[in-house]
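Asker: Here is a sequence with its predicted model. Questions after.
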Amino acid sequence: MLQIILLLLPGVLTLSDEWKVNYPDPICAARGSNVTIACTFKYPPAQVQRVLWCSMGSNYDVCMNEPYVYDSEANKNQRNIQYIGDKTSNCSLLISNINQTHSGEYKFKFITNVTGGTWTGNPGVKILVYDLRVSMTRSRENGSIIVGDSLNLTCKLNCSGHLDVQWFKNGELVQHSDPVLTFSSVTAKDSGNYSCSLRNFKTTESEEFRIHIEDVAGSPTVLIIVVSLVSLGFITTAVMLIRRRKAKTHGKPKEEGEETQVSHYSTHRTTVKIFVKLKHVLSI
């Protein structure tokens, strides 16, 4: 009899009345981006007087312990958190310039003007915040990156799939929105520091990824080898000429002819060897 009387009393809500808060799926966010928690709520006939958002880092099961993430009765809330809902059905929350300290589980709570009219929505919403990062794959797994190699740079977020991004080289914007930056045949000009961010969100920029392209054909080591080989050729030729002159001065005509023939043959062989070595070095 007492239970029936309570059900009939005005301003008293019972367990049979419907209370509900609808949250989105877990949210994956890039550090520096803006995140909207799309949220709706419903309740039996009443007037909502106060709305709150809280972190489960300082609460357990229900939203009851301060500090609140947002409180409609607070004179000052966190600067980067804005309640964009209302006190009727929309409980959405906007977090601007989000960072890793915002990772965690959040719940919405509302208080009505009737007895027992306080509700915390379960199970809440989880937010994961990560840094964007750049990774590289290339045609040759080992060794330095040299001119002509192919490689890909990929902009990744640990908990997300395809991203709409923008790329930077040495801090300058590269007009490219795909998460994969492809180099089919790199040149020395492609060397530099690369980073990425979500499109139109420079605040999400990743750490720079350094790429150094070695120009083998123009490297100092190869240049020294080439110069040395050429110098050796000139020296060898000079030695042959000196030997020829000595042969003309002191040798017999027959011996001189033989010496000249041998000299020409030796010089030819030396020159051929030099050009073979040069061709091998330049083809590396």
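Answerer: It's in.

Asker: host element of the closest residue in space to residue 69 that isn't next to it in sequence?
Answerer: Nearest residue to residue 69, sequence neighbours excluded (CB to CB, 6 or more residues apart in numbering): residue 53, at 4.2 Å. Bear in mind the C-beta positions are built from the backbone N, C-alpha and C, glycine included. Using DSSP states H and E, residue 53 maps to strand 48-55.

Asker: Quick one: list the elements packing against whatever helix or strand comes next after that strand.
Answerer: Next in sequence after strand 48-55, counting helices and strands by DSSP H and E, comes strand 70-71. With contacts taken as 3 or more CB pairs under 8 Å, 6 or more residues apart in numbering; DSSP states H and E, strand 70-71 sits against strand 48-55.

Asker: Need the CA coordinates for the strand it packs on. PDB is fine.
Answerer: Extracted C-alpha coordinates of strand 48-55, given in PDB (Å, rounded to 0.1, in the frame of the first residue of the first chain):
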ATOM      1  CA  VAL A  48      17.000  19.800 -15.500                       C
ATOM      2  CA  GLN A  49      18.700  22.200 -13.200                       C
ATOM      3  CA  ARG A  50      22.300  21.300 -13.400                       C
ATOM      4  CA  VAL A  51      24.600  19.400 -15.800                       C
ATOM      5  CA  LEU A  52      28.100  18.000 -15.100                       C
ATOM      6  CA  TRP A  53      30.900  16.100 -16.800                       C
ATOM      7  CA  CYS A  54      33.400  14.200 -14.800                       C
ATOM      8  CA  SER A  55      36.500  12.100 -15.300                       C
END
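
Asker: now for it, which elements pack on it?
Answerer: strand 70-71, strand 81-83, strand 104-112.

Asker: now those strands as CSV including distance to residue 61 and mean pLDDT?
Answerer: Listed next are these as CSV, based on distance: least, CB to CB, whole Å; pLDDT from 0 to 100:
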stretch, distance to residue 61, mean pLDDT
strand 70-71, 19, 94
strand 81-83, 22, 95
strand 104-112, 9, 96
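
Asker: Would you mind finding the most buried of the ones you listed?
Answerer: Of all the helices and strands packed on strand 48-55, strand 104-112 carries the top mean neighbour count, a mean of 21, counting by mean count of other CB atoms under 10 Å.

Asker: Mind listing the residues bridging to residue 62?
Answerer: residue 60 (DSSP bridges).

Asker: what about the residue nearest to residue 139 when sequence neighbours are not counted, neighbour count?
Answerer: Counting by CB to CB, 6+ apart, residue 139 lies nearest to residue 150, which is 4.5 Å off, once chain neighbours are set aside. Residue 150: 14 surrounding residues under other CB atoms under 10 Å.

Asker: How about residue 35?
Answerer: Around residue 35 there are 17 residues (other CB under 10 Å).

Asker: coming back round to it: what angle do strand 104-112 and the strand holding residue 53 make with each other?
Answerer: 170 degrees (axes from the mean of the first three to the mean of the last three CA atoms, to 10 degrees).

Asker: Touching strand 48-55 from outside, list them.
Answerer: The contact list for strand 48-55, computed with CB atoms under 8 Å, 6 or more residues apart in numbering, reads 63-65, 68-73, 81, 83, 85, 87-88, 91, 93, 104-113.

Asker: Could you please name the strands that strand pairs with and the direction of each pair?
Answerer: Checking strand 48-55 against DSSP bridges gives partners strand 70-71 (antiparallel), strand 104-112 (antiparallel).

Asker: Quickly list what residue 211 is bridged to.
Answerer: Counting by DSSP bridges, residue 211 is bridged to residue 192.

Asker: Is residue 195 in contact with residue 134, as I believe?
Answerer: Yes. Residue 195 lies in contact with residue 134 (CB atoms under 8 Å); the separation is 6.5 Å.

Asker: residues shared between the contacts of those two?
Answerer: Common neighbours of residue 195 and residue 134, using CB under 8 Å, 6+ apart, are 206-209.

Asker: Scan those residues and report the most crowded one.
Answerer: Counting by other CB under 10 Å, top hit in those: residue 206 with 23 neighbours.

Asker: what about that one, distance to residue 174?
Answerer: Distance, residue 206 to residue 174, by CB to CB, to the nearest Å: 13 Å.

Asker: any shared contact partners between these two?
Answerer: With contacts defined as CB under 8 Å, 6+ apart, no residue is shared by residue 206 and residue 174.
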